[in-house]
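Peer 1: pasting the structure only:
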DNA sequence: CCTATGATTTCGGTATGCCTAAATATTTGA
DNA sequence: TCAAATATTTAGGCATACCGAAATCATAGG
């Protein structure tokens, strides 16, 4: 397993490929990858060839792109970096939820393995970031309570919020004002007879304890873990050894 | 004052040019710059032309290189970043003196202005780093007690160590074992009749309190501030406003 | 079945920042 | 003073990573 040098571009490509399949399993296509990275399609074509040469992805021309075991390992290393950084920025430097993403995006390519492990240590080796996204351990293993998107649950389900999509900072602020955060206990009441949205009962609310209606977009951004299940489920493992260090051009 | 985009290479060039004149005043030459940056002379020639085009240096062909006011401003911003980062890594993440340099070298190009100011805030806005090197404030102003290199002082001088050159990590460890650190009180006794070295009396020593002999290299790595003088002297100022942000390619 | 449409790749080109080798300028000392 | 040694710059190239335009592939609809 020769660890070829990985540039920060390569790290970004691999990370985006991984991210696309984290919460659903269709593999990513060239054009989606281009959009997510903000580069031209032609740039992706070239880079994917390079990633393939380096053994980070499997790819047949005109087909979707899959990570190899080695690519997955690198992606998980980057995800670990990103989420530990976000957690650290919030807990140690007082960043707000919506400030951290861009900062972490830059830092993840610049910090050393030493830095990462010292951070993890200082934080007490957290297994999830401030949004509830799981943080892979140094071996690339991911642990997370089995969860479902709120908008896919039938009425009656009770559980605690285990993940909040961090795509829209505005939405994060909206949820805060509703008293909904990580680990908030919630019961799904159902969809109102007419009109949109999902009615839920927020348990711990410091606000009014009554039922609240969440917009469709909001409900699709929340994951619920059954309140009974304390099972932490090992979602991801890498056969063989420790996470590859991204080995940036230091 | 248009702030042209500065790459991390440009930041390095400007920082090294500045560093060369920080503790003596001969301007840096092309080949010294090349050595310090670890690049070929020809690369320096090209980059210096570019720095000149961007208004960061003054330079006539075949002559030494000077920073312009704008270049100085950028250099001070980078020095501020570097030294704050070193201080932070030592104080908050338990790095040792000799581990911090390379890490800070990478991070200084990646962190945002926001990150820097949050760090400075958390550290209580320190004015010097763990080696005693002054940290410019956000306006580029440097404050430091007037000091002299130990090997340039006449016998009888008493003062406290105000700076320790961080070039040789081994030397740092050696000093530690001698009980000499930042703010250690010291009296210069003189040079022994024959042979090399400088005899000093270490005041606060937790070790034996007798006179110790420092090698020439050691003595040249220590700066002493007179113990009476509590004057903090403003060494550097930038006419006009705040430090330019390096504005990395974020 | 076969074409039109959209997705993907290939083909020249650009910018950065580095290199070696060759040319040119400066300095030094015989 | 002037040639040899040294310092610096120019010239020609390379790698990375991007672009737009043109060519090629895949597939859905008629």
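Peer 2: Looks like it came in fine. Fair warning: this is a prediction, and the values are worked out from it, not measured in the lab. Numbers count the residues shown, from 1 in each chain, chains lettered A, B, ... in the order given.
Peer 1: burial count for the closest residue to DNA strand D within chain A?
Peer 2: Using CB to the nearest atom of the strand, the closest approach of chain A to DNA strand D is made by residue A:7 at 2.7 Å. (Glycine included, C-beta is placed from N, CA and C.) Number of residues near residue A:7 (other CB atoms under 10 Å in any protein chain shown) recorded here: 14.
Peer 1: likewise residue A:139?
Peer 2: Residue A:139 - counted by other CB under 10 Å - has 14 other residues nearby.
Peer 1: equivalent analysis for residue A:143, please.
Peer 2: Other residues near residue A:143 number 15, with proximity taken as other CB under 10 Å.
Peer 1: for it, what are phi and psi?
Peer 2: phi -120, psi 130 (degrees, to the nearest 10).
Peer 1: was I right to think it contacts residue A:162?
Peer 2: No: Residue A:143 is beyond contact range of residue A:162, at 11.8 Å (criterion: CB atoms under 8 Å).
Peer 1: sorry, back to before: next one, pLDDT for the residue of chain A closest to DNA strand D please.
Peer 2: Looking at residue A:7, its pLDDT is 96.
Peer 1: kindly list the longest helix within chain A.
Peer 2: For chain A, the helix with the greatest residue count under DSSP state H is helix A:69-93.
Peer 1: following that helix in sequence, what is the next regular element?
Peer 2: Proceeding N to C from helix A:69-93, the next assigned helix or strand is helix A:100-107, under DSSP states H and E.
Peer 1: residues of chain A that sit close to chain B?
Peer 2: Residues of chain A lying close to chain B (CB under 8 Å from any CB of the partner chain) are A:89, A:92-95, A:99, A:102-103, A:106-107, A:109-112, A:114-115, A:118-119, A:122, A:248, A:250.
Peer 1: please spell out the PyMOL selection for the buried subset of the residues you listed.
Peer 2: Buried residues among the residues of chain A next to chain B (16 or more other CB atoms under 10 Å in any protein chain shown), as a PyMOL selection:
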select buried, chain A and resi 89+92+93+95+99+103+106+107+109+110+111+112+115+118+119+248
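Peer 1: ramachandran angles for whichever residue of chain A sits closest to chain B?
Peer 2: Nearest to chain B in chain A, going by CB to the nearest CB, is residue A:110, at a distance of 3.7 Å. Here is the backbone geometry of residue A:110 (degrees, to the nearest 10): phi -110, psi -20.
Peer 1: for it, list the residues it contacts.
Peer 2: Contact analysis of residue A:110 by CB atoms under 8 Å, 6 or more residues apart in numbering or on different chains lists A:248, B:106-107, B:109-110.
Peer 1: report the buried residues of stretch A:151-160.
Peer 2: A:151, A:153, A:157-160.
Peer 1: does the closest residue to residue A:90 other than its chain neighbours count as helix, strand or coil?
Peer 2: Spatially, and ignoring its direct neighbours in sequence, residue A:90 is nearest to residue A:130 (4.9 Å; CB to CB, 6 or more residues apart in numbering or on different chains). What DSSP: H, G, I helix; E, B strand; the rest coil gives for residue A:130 is coil.
Peer 1: what separation is there between residue A:130 and residue A:163?
Peer 2: Separation of residue A:130 from residue A:163 (CB to CB, to the nearest Å): 11 Å.
Peer 1: where does the prediction get shaky in chain A?
Peer 2: Across chain A, residues meeting the criterion (pLDDT under 70) sit at A:1-3, A:204-210, A:227-250.
Peer 1: residue ranges for the strands of it, please.
Peer 2: For chain A, the strands defined by DSSP state E cover A:57-58, A:66-67, A:142-144, A:147-149, A:158-164, A:185-190, A:198-202, A:211-214, A:222-226, A:233-236.
Peer 1: how about JSON lines for those, with distance to residue A:77 added?
Peer 2: Below are these laid out as JSON lines (distance: least, CB to CB, whole Å):
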{"stretch": "strand A:57-58", "distance to residue A:77": "16"}
{"stretch": "strand A:66-67", "distance to residue A:77": "12"}
{"stretch": "strand A:142-144", "distance to residue A:77": "12"}
{"stretch": "strand A:147-149", "distance to residue A:77": "24"}
{"stretch": "strand A:158-164", "distance to residue A:77": "21"}
{"stretch": "strand A:185-190", "distance to residue A:77": "33"}
{"stretch": "strand A:198-202", "distance to residue A:77": "37"}
{"stretch": "strand A:211-214", "distance to residue A:77": "35"}
{"stretch": "strand A:222-226", "distance to residue A:77": "24"}
{"stretch": "strand A:233-236", "distance to residue A:77": "13"}
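Peer 1: tell me which of those lies nearest to DNA strand C.
Peer 2: Taking CB to the nearest atom of the strand as the criterion, strand A:57-58 is the member of those that comes nearest to DNA strand C, at 10.8 Å.
Peer 1: so what touches the closest one?
Peer 2: Contacts for strand A:57-58 (CB under 8 Å, 6+ apart): A:14, A:17, A:48, A:51-52, A:65-68, A:71.
Peer 1: and which of the residues you listed is nearest to residue B:137?
Peer 2: The shortest approach to residue B:137 among the contacts of strand A:57-58 belongs to residue A:14, at 40.1 Å (CB to CB).
Peer 1: give me the number of residues near the residue nearest to the closest one when sequence neighbours are not counted?
Peer 2: Nearest-residue entry for residue A:14: residue A:75, 4.7 Å, with adjacent residues in sequence omitted and distances by CB to CB, 6+ apart. By the criterion of other CB under 10 Å, residue A:75 has 26 neighbours.
Peer 1: same check on residue A:62?
Peer 2: 7.
Peer 1: quick revisit: adding distance to residue A:136, write the buried residues of stretch A:151-160 out as TSV.
Peer 2: Converted to TSV, these look like this (distance: CB to CB, whole Å):
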residue	distance to residue A:136
A:151	27
A:153	26
A:157	28
A:158	29
A:159	24
A:160	22
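Peer 1: surely residue A:67 and residue A:20 touch.
Peer 2: No: shown here, residue A:67 and residue A:20 do not form a contact pair, counting by CB under 8 Å, at 10.0 Å.
Peer 1: coming back round to it: quick check: the gap between the residue of chain A closest to DNA strand D and residue A:51.
Peer 2: Taking CB to CB, one finds residue A:7 at 11 Å from residue A:51.
Peer 1: now, of the strands of chain A, which is deepest in the fold?
Peer 2: strand A:222-226 (a mean of 23; mean count of other CB atoms under 10 Å in any protein chain shown).
Peer 1: ok and that one relative to strand A:185-190, angle-wise?
Peer 2: Angle between the axes of strand A:222-226 and strand A:185-190 is 110 degrees (criterion: axes from the mean of the first three to the mean of the last three CA atoms, to 10 degrees).
Peer 1: re earlier: buried residues in the longest helix of chain A?
Peer 2: A:70-90, A:92-93.
Peer 1: ok, now stretch A:8-20?
Peer 2: Neighbour count says stretch A:8-20 has A:8, A:10-20 buried, by 16+ other CB under 10 Å.
Peer 1: residues in contact with the residue most central in space within chain A?
Peer 2: In chain A, the C-alpha nearest the mean C-alpha coordinate belongs to residue A:133, at 4.6 Å (CA atoms, centre = their mean). By CB under 8 Å, 6+ apart, residue A:133 lies in contact with A:83, A:163, A:166.
Peer 1: if we use 7 Å, what do you get?
Peer 2: A:83, A:163 (CB atoms under 7 Å, 6 or more residues apart in numbering or on different chains).
Peer 1: how about residue A:201?
Peer 2: Counted by CB under 7 Å, 6+ apart, residue A:201 has contacts A:186-187, A:189, A:211.
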